[in-house]
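In: Generate coordinates for the sequence data below:
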Amino acid sequence: MKIAIIGQQDFGKAVLEAFLARGDTVAGVFCAPEKAGARPDALKVCAQEKGVQVFQFPSLKAPEAHAKLKELSVDIGIMAFVLQFAPQEFVKIPKHGTIQYHPSLLPKFRGPSSINWPIIKGETKTGLTIFRPNDGLDEGEVVLQKETPVGPDDTLGSVYFDRLFPMGVAAMLEAADLVVAGKHREVVQDESQASYEGWCREAEARIHWANHVDFVYNLIRGCNPAPGAWTTLNGVKLQVFDAKKHVVRTFGAVKGKIGEVVEVGPQSFTVTAQGGRVEIFKAKLGDGKKVSAAELAAASGIKAGTLLGT
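Out: Next up, the predicted model:
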């Protein structure tokens, strides 16, 4: 088939490579212009290396973007990790329209940080959706969905890189084949089940040690590796990455104050939260590097009795 890819970064690159590898024609790639000083977009670089035309329009609403997509005369548009708004006038240009990837089980977890939030909220499964983009936010008809479990110790990194990324690339190929062959079925999303979550950024990633240890641990793993859950050490930002929770079931048996480091060991240090403790194995202090918790504790003077988050 003859396709146009609209996307960016590593996921867009992987989708481009997958279509090319099986012999499809990629007539053009549309990706957002890089910000001043930013590294070249991975999708753009890959497309140029493969001899694929690249178009970088500041807005996909622009008549020039529409004219270029019409000129390419493609069978289907493939939206792979797109942050630019794509209006209906644009997405309906290809012969069979356009399909888009979203890393959640729509209509749940619409929005830009849809991988972080299911983990942060303690969901036991997530997945991906290939859908028809419309002018709403992740609201179009569903073409294909795939599920994956979220284990109790899964992180953003393990869920995305190990599962949703490769599953998403394969699902884009599968959905494109179904749509072009006219064998797909489009299902309207159930608005009664819809949820929207905004960005998971610095403000959302702050650890409140007074929360139950389950919530604290889910926040840490849902922000690992990005944006990185954080607390403070003597007023300096301390990001927490690899960790383990220890739930205490006996009332009143939790050792230490809320946010207190109660133990420093050869591989970790342990902090008290409501109902248990969080053992931290990897962290980053201020502008320093991400290092083992033991190394950070030794360098920064963390010891039993140190209070975090004050």
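In: Work out the gap between the helix or strand encompassing residue 147 and the centre of the chain.
Out: Taking DSSP states H and E as the definition, residue 147 sits inside strand 142-149. Taking C-alpha atoms, centre = their mean, to the nearest Å, the mean C-alpha location of strand 142-149 is offset from the chain mean by 16 Å.
In: Just give the closest residue to residue 221, not the sequence neighbours.
Out: Leaving aside its sequence neighbours, residue 221 sits nearest to residue 155 (C-beta to C-beta, 6 or more residues apart in numbering; 4.4 Å). Backbone N, C-alpha and C define where each C-beta goes, glycine included.
In: residues in contact with the one you found?
Out: Counting by C-beta atoms under 8 Å, 6 or more residues apart in numbering, residue 155 touches 119, 221-222, 224-225.
In: do that again at 10 Å, thanks
Out: Residue 155 sits next to 119, 161-162, 220-225, 241-243 when contact means C-beta atoms under 10 Å, 6 or more residues apart in numbering.
In: which of those count as buried?
Out: Among the contacts of residue 155, those classed as buried by 16 or more other C-beta atoms under 10 Å are 119, 220-224, 241-243.
In: Closest to residue 58 out of those?
Out: Nearest to residue 58 among these is residue 223, at 30.8 Å by C-beta to C-beta.
In: Quick check: the gap between that closest one and residue 21.
Out: Computed as C-beta to C-beta, to the nearest Å, the residue 223 to residue 21 distance reads 33 Å.
In: and what of residue 146?
Out: Applying C-beta to C-beta to residue 146 and residue 21 gives a distance of 20 Å.
In: higher neighbour count, those two?
Out: Ranked by neighbour count (other C-beta atoms under 10 Å), residue 146 and residue 21 place residue 146 first, with 17 against 9.
In: so that one makes contact with residue 164?
Out: Yes. Contact between residue 146 and residue 164 holds when scored by C-beta atoms under 10 Å: they sit 8.7 Å apart.
In: Name the residues contacting each of the two.
Out: 126-128, 171.
In: The residue nearest the centre of the chain and residue 199: what is the separation?
Out: Centroid-nearest residue in the chain: residue 115, 4.4 Å away (criterion: C-alpha atoms, centre = their mean). Using C-beta to C-beta, we find residue 115 at a distance of 12 Å from residue 199.
In: SS state for the residue of the chain positioned farthest from its centre?
Out: Farthest-out residue of the chain from its mean C-alpha position, per C-alpha atoms, centre = their mean: residue 252, at 37.7 Å. With DSSP: H, G, I helix; E, B strand; the rest coil as the basis, residue 252 sits in coil.
In: ditto for residue 16
Out: helix.
In: for this structure, which spans come out with low pLDDT?
Out: Filtered on pLDDT under 70, the chain yields the residue ranges 251.
In: let's go with 80 and repeat that
Out: For the chain, residues meeting the criterion pLDDT under 80 lie at 250-253.
In: Check it for its longest helix and report it.
Out: The residue-count maximum for a helix in the chain (DSSP state H) belongs to helix 165-181.
In: Tell me what angle it forms with strand 142-149.
Out: Interaxial angle of helix 165-181 relative to strand 142-149 (axes from the mean of the first three to the mean of the last three C-alpha atoms, to 10 degrees): 160 degrees.
In: measure residue 278 to residue 53 for me?
Out: Taking C-beta to C-beta, one finds residue 278 at 50 Å from residue 53.
In: Same question for residue 297.
Out: Taken as C-beta to C-beta, the span from residue 297 to residue 53 is 53 Å.
In: Angles on the backbone of residue 267, please.
Out: Residue 267 adopts backbone torsions of phi -130, psi -10, taken as degrees, to the nearest 10.
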